[in-house]
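[1] what follows is a predicted structure for the sequence shown.
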Amino acid sequence: MKRIMVAEDDPEIRASVAELLQSEGYEVVLASNGAKALELLRGGAAPQLILLDLMMPGVDGFQFREEQRKDPVLSAIPVLLMSAGGDLNAKAAQLGVAGYLKKPFADIDSLLGTIAKYF
């Protein structure tokens, strides 16, 4: 099964991304913040890819990534940042992630193509 975790605090974006991915045959695990994402990961919900929002309440994307990198098992899971913020290339490099997706998602085919590279 192709499993993706979506860590996103906005319920509409989270639901839309999940619906899109499920329609493409992906199993989707949802987390509303970084703390929930870490809890799910440590509980065995191991995806092949994590889509990570940077700005979330509580444990944000930066803190999530710091914790993920400390765990040898979790650190092996590639991460794509999702953000409407600027300078994503620099933030992606700083956090050592596989790449990023700019919100709002203008081109669904490009979004799906980027995700498909990890499967």
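    Sure, I can see it. All figures in this text were calculated on a predicted structure; none of them were measured in a lab.
[2] which parts of the chain are strands?
    Counting by DSSP state E, the chain has strands at residues 3-7, 27-31, 49-53, 79-83, 99-102.
[3] what's the second one packed up against?
    With contacts defined as 3 or more C-beta pairs under 8 Å, 6 or more residues apart in numbering; DSSP states H and E, strand 27-31 has these neighbours: strand 3-7, helix 11-23, helix 34-42. Glycine gets a C-beta too; all of them are placed from N, C-alpha and C.
[4] for the spatially most central residue of the chain, what are its contacts?
    Taking C-alpha atoms, centre = their mean, the centroid of the chain lies closest to Leu51, which sits 1.3 Å from it. Residues near Leu51 by C-beta atoms under 8 Å, 6 or more residues apart in numbering: Ile4, Met5, Val6, Ala7, Glu8, Val17, Val79, Leu80, Met82, Leu101, Ile115.
[5] could you save the strands of the chain as CSV and add columns showing mean pLDDT?
    Listed next are the strands of the chain as CSV, based on pLDDT from 0 to 100:
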stretch, mean pLDDT
strand 3-7, 98
strand 27-31, 97
strand 49-53, 97
strand 79-83, 94
strand 99-102, 92
